[in-house]
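**Student:** Take this sequence and fold it.
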Amino acid sequence: MVFEPNATDPPAPTDPMTAFGIGNIEVLDKGRVVADQQLGPVFADHRGRIDLPALAVLFDHLGGLPFFRSGPDGSPCVQARLSMSMQGHVGVDDRLTGTAELMMHDDRFGSTRVDVVTSTGHLCCTGTARNVAVARTFDTHPGDPRGAGPTPTGRRTHGADLPPAIDPTLPGREIVRQISSGVRAAGPITDLLNGRVELIAQERAAGVRFTVSTRPWMGNIFGTMHGGMIAAIVAQACSFAGQANAAAGVDYQLGDLAIGFLRSPAVQGTEVTVEVSAVKAGRRIATFEAVMRGHDGLLLSTATADVIYR
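**Tutor:** Here you go, the predicted structure:
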C-alpha cells in the first residue's frame, strides 16, 4: 500500500501561525506575550503523537515578540538560538498556552524565556530564545502581529486522520524504512512540512536525511523561512532519527533540542535538507547532531537533540 493525501486535507495555510493553529497573541505588560495553540491530528507524527516539532513554531514566534516590542518602534530581530525542553506528553487535541517574558535586552541582543502549558496547566515545554536585532526591512509594520486573530480550529487542526497503530514487534529502523518507501504513512506533520525521510547507513547507529520542499507560507515578515519552521523541520528530522534507533516496542520522545540559526533559506519551492547522525545511541537516551543545508549546499542551521526512550 502507498499512502496518498487525505481527502479532508485542511485548506492551504497562509503563514506559519495559521498553519500550526496559533492565535490570540496578546502583548502584556513588563515585556510579556501570550498566545494559544489548538492542537489536532494535523500536527501528529507517524505514531499519532504530538511531539516537540509541533510546538516549535509557537515557541520560536513567542520567543521573538517581547524583544521585537522592546523598542519604541519595534526592534526587527531574528533568533540566534533556541533551547527547548519537553516536560512530558501532550494530548493530540489539547489547547496550549504559551507565555514569553523578556529576561534581558539592550539595543542589540535579548534573551527570552518561553513556557508552554497544557489546558490543565501542566508545563509541557520550557526553554529560552536568544534574540538578535537585525537591519532588515519588511513591507508593513506588524502593529497587529501575525497570530493576533482567533486561534484556528476546524479543518485547520483536525483535517487529517491519525496514522494506524505500529506493530510493536517492528524495530525502529524498519519503521523508518517503510516510511521512506511509502509503505507506511509519514504522519500528518511531515505532510504539512512537505517532507520526506530516508535512512543513512552508519557504522553502529542509524542516521536519517529529511528533505523539505519549501513553500511561501513558511516565510517570516522578512520573506525568508520563519525560525519556527526551521526548528520544526530539524526537530522532525531528529524525531525520525530517534525512531530509527529505537528497539522494537520501545517508545520515545524528543526531549531536548538546541538549535542555532545561521542563515534563513528562501521559501520559493527550493529544497532544504537535514542530515542527522548519532553521537551516542543508548538504551535510555540518544544524542544526535543535525545539520540543515540549502539546495546549493549552503549551511543554514546546526542542532543537537536528545531522544528519551521508555
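**Student:** Okay, strands next: where are they in the stretch 51-200 of the chain?
**Tutor:** Taking DSSP state E, counting those that start in this stretch as the criterion, the stretch 51-200 of the chain carries its strands at 77-86, 95-105, 109-117, 123-133, 195-200.
**Student:** what's the most centrally placed residue in the chain in contact with, if anything?
**Tutor:** Central residue of the chain (C-alpha atoms, centre = their mean): residue 232, 2.0 Å from the mean position. The contact partners of residue 232, by C-beta atoms under 8 Å, 6 or more residues apart in numbering, come to 20, 53, 54, 56, 57, 189, 193. For the C-beta atoms, the positions are set from N, CA and C on the backbone; glycine is no exception.
**Student:** go again using 10 Å as the cut-off
**Tutor:** Counting by C-beta atoms under 10 Å, 6 or more residues apart in numbering, residue 232 touches 16, 19-20, 43, 52-60, 189, 192-193, 195, 212, 218, 226.
**Student:** next one: residue 175
**Tutor:** Contacts of residue 175 by C-beta under 10 Å, 6+ apart are 46, 47, 166, 167, 183, 184, 240, 243, 244, 246, 248.
**Student:** Out of those, which comes closest to residue 66?
**Tutor:** Using C-beta to C-beta, residue 240 is the member of these that sits closest to residue 66, with 32.4 Å.
**Student:** what separates that closest one from residue 181, distance-wise?
**Tutor:** 14 Å (C-beta to C-beta, to the nearest Å).
**Student:** Which one of these two is surrounded by more residues?
**Tutor:** Legend: neighbour count by other C-beta atoms under 10 Å for residue 240 and residue 181, higher for residue 240 (33 against 11).
**Student:** Could I have the CA atoms of the helix or strand that contains the more buried one written out in PDB?
**Tutor:** For residue 240, the element it lies in under DSSP states H and E is helix 227-244. Taking C-alpha atoms only, helix 227-244 is exported to PDB below (Å, rounded to 0.1, in the frame of the first residue of the first chain):
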ATOM      1  CA  GLY A 227      12.700  30.300  12.600                       C
ATOM      2  CA  GLY A 228      10.000  28.200  14.000                       C
ATOM      3  CA  MET A 229       9.700  26.400  10.700                       C
ATOM      4  CA  ILE A 230      13.400  25.700  10.600                       C
ATOM      5  CA  ALA A 231      13.200  24.400  14.200                       C
ATOM      6  CA  ALA A 232      10.100  22.200  13.300                       C
ATOM      7  CA  ILE A 233      11.900  20.700  10.300                       C
ATOM      8  CA  VAL A 234      15.100  20.000  12.200                       C
ATOM      9  CA  ALA A 235      13.200  18.600  15.100                       C
ATOM     10  CA  GLN A 236      11.100  16.300  12.900                       C
ATOM     11  CA  ALA A 237      14.300  15.000  11.300                       C
ATOM     12  CA  CYS A 238      15.700  14.300  14.800                       C
ATOM     13  CA  SER A 239      12.500  12.600  15.700                       C
ATOM     14  CA  PHE A 240      12.900  10.200  12.800                       C
ATOM     15  CA  ALA A 241      16.500   9.500  13.900                       C
ATOM     16  CA  GLY A 242      15.200   8.700  17.300                       C
ATOM     17  CA  GLN A 243      12.700   6.300  15.800                       C
ATOM     18  CA  ALA A 244      15.300   4.700  13.600                       C
END
